[in-house]
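Colleague: dropping the sequence and predicted coords here.
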Amino acid sequence: MADGLRAAARTRLLAAVRRQATPATIVGLIRGSNVWELMKARGIKSTGHNVVVYWDEPRRDLMHSPQGIPVDIGAEILEPFESDAELSCTSTPAGRCISMLHTGPYDRLRATYDAIYA
């Protein structure tokens, strides 16, 4: 199930890994990101919110392109830290957005993506 909201967003500080995703790979990338383990090893404190930022370009629909879309897979954090080769300190963009909340098994995630592009 997915609930959506169009809104204006504030910047949120993240610990994240950058990946290139397609519909066929996104679930495995999220599951295998190891973000929480990387944060724990560095003592990084989180709000507990998982966040995935899709860096699409207007009218390009990179998610469905052969090379996929750049994504930051991470968690919202309380304080900035120094990025390294494995884990980046980044943030969500501020401004207009579509926010989707997916609840349920990962194998139903496709329905959430379909709702975003509807």
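Modeller: Cool, got the structure. Bear in mind the structure is a predicted one, so any value in this text is a computation, not a measurement. Residues are numbered from 1 along each chain as shown.

Colleague: mind checking how far stretch 10-30 is from the chain centre?
Modeller: 4 Å (CA atoms, centre = their mean, to the nearest Å).

Colleague: endpoint to endpoint, that stretch covers what distance?
Modeller: Using CA to CA, to the nearest Å, the end-to-end distance of stretch 10-30 comes to 23 Å.

Colleague: buried residues in that stretch, which are they?
Modeller: Burial within stretch 10-30, assessed by neighbour count using 16 or more other CB atoms under 10 Å, is assigned to 12, 13, 14, 15, 16, 17, 19, 21, 26, 27, 29, 30. Backbone N, C-alpha and C define where each C-beta goes, glycine included.

Colleague: stretch 46-53 now?
Modeller: 46, 51, 52, 53.

Colleague: stretch 82-101 too?
Modeller: 87, 88, 89, 90, 91, 92.

Colleague: tell me the least confident of these?
Modeller: Minimum pLDDT for the buried residues of stretch 82-101 is recorded at residue 92 (92).

Colleague: residue 109 should be in a helix, yeah?
Modeller: Yes - assessed by DSSP: H, G, I helix; E, B strand; the rest coil, residue 109 belongs to a helix.

Colleague: any idea how far residue 51 lies from residue 45?
Modeller: Residue 51 sits 15 Å away from residue 45, going by CB to CB, to the nearest Å.

Colleague: with residue 11 instead?
Modeller: Taken as CB to CB, the span from residue 11 to residue 45 is 18 Å.

Colleague: what residues are up against residue 50?
Modeller: 74, 75 (CB atoms under 8 Å, 6 or more residues apart in numbering).

Colleague: helix, strand or coil for it?
Modeller: Residue 50 ends up strand, using three-state DSSP.

Colleague: excluding sequence neighbours, find me the nearest residue to the residue nearest to the spatial centre of the chain.
Modeller: Centroid-nearest residue in the chain: residue 52, 0.7 Å away (criterion: CA atoms, centre = their mean). Nearest non-adjacent residue to residue 52, counting by CB to CB, 6 or more residues apart in numbering: residue 73, 5.3 Å away.

Colleague: do the same with residue 9
Modeller: residue 97 (4.5 Å).

Colleague: repeat that for residue 107.
Modeller: residue 27 (7.4 Å).
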